[in-house]
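Student: sequence unavailable; structure follows:
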DNA sequence: GGGCTGACAGATTTCAATATCTGTCAGCTC
DNA sequence: GAGCTGACAGATATTGAAATCTGTCAGCCC
């Protein structure tokens, strides 16, 4: 008898099957075949095919979280930490789009299926931006009276450089220049921004 | 004999057919039927079905251009003109999405088909933003050493509120707050922004 | 003769029959 | 008996034949 079938082994096999056949063709039977078990066994660990795909997506997004820790502690100004962080995120997305379009499309499909997981992912990344902004506020480099709200605004203002719907523009040779322009604009805004609260106005 | 068949009449009929059947089902034969002519006659005015659809798209986008003239000349600061302009654009898109989802989807499809027309459209709107920014620079309200580049940055930073790919988020009750936060951040950035040129850095 | 028609070829879409897949579960195996 | 198998019902996807659509053009009509 082989090793016991674990959820982890199923996830690894599912990733492999998704990579090979793509999200449209990958079936639970394929995953079971790759593991040398009956497909009924897979359902012992994951209630539905959707749950299995969601678990793969979560795994993938968690790996991104690990790579997106902000680069504090090198004496850089907060604007530079923010710029580097956004650049790192952009590079990661852009590279995975240009170098492995099929895998990118696969994950884009998965992401479109499990909105809850993605909301958690976005919330996490916006939280990291908030930490960077807070550091800038602490050193009086940035001005804002609502850090979480401003972090969300930075996220929203840079959608063109991380939201997969904009991926087709990432091949444009001027895209890095456009990125620099937006980040500079945002960074300048952070230095002097006082966002009026939800009802008021400047 | 009826009136002579004009390109204009064909465009009107095509819009009607698209509205009625949607982009997937609308055929050139349907358009001809609505006009009471043979479909061969339509091809006398438009070389292909794609050209016909593109002409409808252009017509629609031109109508938007006419409604998006900036509100200068009321003594408002440039930041307020910009804010009102972006709000007007956002409202227009959001309303057409919530009040007539089918038509919105139709135009989204058409837009996806004719990228050249859309590029012209975006270029026009970014040009309008540039005019607003230039007015702000003239009164020393804004600071930037590259107006067109900054205008593009404002456009890119507000993608979440006009790009159709983000339309599903426009129903979120907090979306207006998110919009205000981004516009405030951008407006603050315009007051103090010096975007480094393509190669340099701050 | 300028503009329109309608028949046509090839491309695309539809539809229904067929095959495959998902999710369940009784029973087998170690 | 904990974990796995494999047969099964209903849901979904595939396929290929038939129908429809696009784009052309010779000829008709005012």
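Tutor: Yes, it's here. None of the values given here were measured: they were computed from a predicted structure. Numbers count the residues shown, from 1 in each chain, chains lettered A, B, ... in the order given.
Student: quick one: end-to-end length of stretch A:164-179, please.
Tutor: Its start and end residues considered, stretch A:164-179 measures 15 Å (C-alpha to C-alpha, to the nearest Å).
Student: wait, does it contact chain B?
Tutor: Yes: contact of stretch A:164-179 with chain B (C-beta under 8 Å from any C-beta of the partner chain) involves A:165, A:166, A:177, A:178. Every C-beta, even on glycine, is put in place using the N, C-alpha and C of the backbone.
Student: which ChimeraX command selects the buried ones in those?
Tutor: Selection of buried members from the residues of stretch A:164-179 next to chain B for ChimeraX, criterion 16 or more other C-beta atoms under 10 Å in any protein chain shown:
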select /A:166,177,178
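Student: show me where chain A has its strands.
Tutor: Assigned by DSSP state E, chain A shows no strands.
Student: wait, residue A:102 sits on residue A:22?
Tutor: Yes: using C-beta atoms under 8 Å, residue A:102 is in contact with residue A:22, at 6.6 Å.
Student: return the set of buried residues in the helix or strand of chain A with the lowest mean pLDDT.
Tutor: Least confident helix or strand of chain A, by mean pLDDT, DSSP states H and E, is helix A:101-113 with a mean of 89. By 16+ other C-beta under 10 Å, the buried positions in helix A:101-113 come out as A:103, A:104, A:105, A:106, A:107, A:109, A:110, A:111.
Student: same thing with stretch A:10-27?
Tutor: Neighbour counts over stretch A:10-27 (16+ other C-beta under 10 Å) mark A:10, A:11, A:12, A:13, A:14, A:15, A:17, A:18, A:23, A:26 as buried.
Student: which one of those residues is nearest to residue A:155?
Tutor: Among the buried residues of stretch A:10-27, residue A:23 lies closest to residue A:155 (C-beta to C-beta), at 26.1 Å.
Student: quick one: that closest one and residue A:111 touch, right?
Tutor: No: with contacts counted by C-beta under 8 Å, residue A:23 stays clear of residue A:111, the gap being 10.4 Å.
Student: re earlier: can you list the buried residues of helix A:101-113 in CSV and add distance to chain B?
Tutor: Output for the buried residues of helix A:101-113, formatted as CSV (distance: C-beta to the nearest C-beta, whole Å):
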residue, distance to chain B
A:103, 21
A:104, 16
A:105, 15
A:106, 19
A:107, 16
A:109, 15
A:110, 17
A:111, 13
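Student: and which of those is nearest to DNA strand D?
Tutor: Of all those, DNA strand D sits closest to residue A:109, with 11.9 Å by C-beta to the nearest atom of the strand.
Student: so which elements touch the least confident helix or strand of chain A?
Tutor: Applying 3 or more C-beta pairs under 8 Å, 6 or more residues apart in numbering or on different chains; DSSP states H and E, we find helix A:101-113 packed against helix A:7-21, helix A:49-67, helix A:78-99.
Student: show me what the last one is packed against.
Tutor: Applying 3+ C-beta pairs under 8 Å, 6+ apart, we find helix A:78-99 packed against helix A:49-67, helix A:101-113, helix A:115-138, helix A:175-192.
Student: likewise the shortest one?
Tutor: Packed against helix A:7-21 by the contact rule (3+ C-beta pairs under 8 Å, 6+ apart) you find helix A:28-35, helix A:39-45, helix A:49-67, helix A:101-113.
Student: state the mean pLDDT of that helix.
Tutor: Per-residue pLDDT over helix A:7-21 has a mean of 96.
Student: touching DNA strand D at all, that helix?
Tutor: No: applying C-beta under 7 Å from any atom of the strand, one finds helix A:7-21 separated from DNA strand D by no less than 9.4 Å.
Student: is there proximity between that helix and DNA strand C?
Tutor: No: judged by C-beta under 7 Å from any atom of the strand, helix A:7-21 stays clear of DNA strand C, getting no closer than 9.4 Å.
Student: residues contacting that helix, please?
Tutor: Residues external to helix A:7-21 that are found in contact with it (C-beta atoms under 8 Å, 6 or more residues apart in numbering or on different chains): A:3, A:26, A:30-31, A:34-35, A:42, A:45-46, A:52-53, A:55-56, A:59, A:102-103, A:106, A:110.
Student: and for residue A:4, the neighbour number?
Tutor: 6 (other C-beta atoms under 10 Å in any protein chain shown).
Student: cool, and residue A:73?
Tutor: As a burial measure, residue A:73 scores 7 neighbours (other C-beta under 10 Å).
Student: what does residue A:163 give?
Tutor: Applying other C-beta under 10 Å, we find 18 residues neighbouring residue A:163.
Student: show me how chain A divides into domains.
Tutor: For chain A, automatic domain parsing gives the domain ranges A:7-46, A:73-192.
Student: comparing the helices and strands packed on helix A:78-99 by mean pLDDT, which bottoms out?
Tutor: Per-stretch mean pLDDT for those is lowest at helix A:101-113 (a mean of 89).
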